[in-house]
Each structure stands twice: as structure tokens, then as C-alpha cells.
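Novice: Build the 3D model from these lines:
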Amino acid sequence: MRTATAEFYELTAPASVTTPRLARQFVTGALQATGHSGLVDNACICVSDAVTNVIQHARVPTLQVEITTRTGCAVIAVRDGDANRQPYRRQAGTDDERGRGLALVRDLSHSCGVSLVWDGLNIIGKRVWFELRDR
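Specialist: Coordinates of the predicted model:
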């Protein structure tokens, strides 16, 4: 059954090596519960990459995973409090073990991007988001 109106789910977790798995489980549960089971595989790949990037590059103790579901789509975002380190797409060589994540997120999602998080006066973080659509 598809949701007729938007539903919002949020997970706050430590920026630790166990969090990518926790984020995948959270995303899986929310998408299955709202009738978006077909999005689970791509969502897990994308959220795992975004969470791993926060752990490796941002200097924050916690992060948030946000999910907004609507009829036919889900928008998933990973938010952190490090506004100074913006993600960027690198050109990964054939032997590189890193540097393909943002390109993979772009390829698997309908749309994606980075938004700054404001508190009304200051930039306090960033959100890496991606939209997935049911087929």
C-alpha cells in the first residue's frame, strides 16, 4: 500500500563505524513499512555511502538520517553539523578503492544534491539528499 500523504522519519546516530549498517536497517524498515520495498536496494547503497562519507570526512559526533515518503517516491537525506567540509565528486582511477560514492548515488537516484542547513542566522551543517522513485 502506498502512502497518500508525506510521512517523515528521522534517525539520530553516532558518527561511528557501526552507523552505516544501522542506517541501512532504518531505511529498509521505513521503506518497507510505507510500501516502497522496490526502493530498498538502491536506498541502502546510497545511504550507506552518504553516512560513510560523514564518518570519514566530517568532524561531528552525530548525524541524522531523514526519510520523507510520498506516493511514488522517497527522499532520503543524511545531515551533519560540519558546514566547513562540503562533499565533492572525485575522479576515481580504475585501481582506486575510494572516490566513486557520489557518482554512484547520482547514478542510482532520480535526483540528488547537497543543501546547507541554517539555524536562521548561520550555516550549521549540510544535508546530502537523494530522491528515489518507484518504477
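Novice: Show me the shaky parts of the protein.
Specialist: 1-4, 85-101 (pLDDT under 70).
Novice: Mind giving me the packing neighbours of the lengthiest strand in it?
Specialist: Longest strand in the chain, counting residues (DSSP state E): strand 123-133. For strand 123-133, the elements it packs on are helix 40-57, strand 73-80, helix 101-108, strand 111-118, judged by 3 or more C-beta pairs under 8 Å, 6 or more residues apart in numbering; DSSP states H and E. C-beta here means a position set from N, CA and C on the backbone, and glycine is covered the same way.
Novice: Try it again at 7 Å.
Specialist: helix 40-57, strand 73-80, strand 111-118 (3 or more C-beta pairs under 7 Å, 6 or more residues apart in numbering; DSSP states H and E).
Novice: how about those, which one is nearest T19?
Specialist: helix 40-57 (5.6 Å; C-beta to C-beta).
Novice: Mean neighbour count, the helices and strands packed on strand 123-133: which tops it?
Specialist: Highest mean neighbour count of the helices and strands packed on strand 123-133: strand 73-80, a mean of 24 (counted as mean count of other C-beta atoms under 10 Å).
Novice: L39 reaches L132, doesn't it?
Specialist: Yes - applying C-beta atoms under 7 Å as the test, L39 and L132 come out as touching, 4.5 Å apart.
Novice: anything in contact with each of the two?
Specialist: With contacts taken as C-beta atoms under 7 Å, 6 or more residues apart in numbering, L39 and L132 have A74 as neighbours in common.
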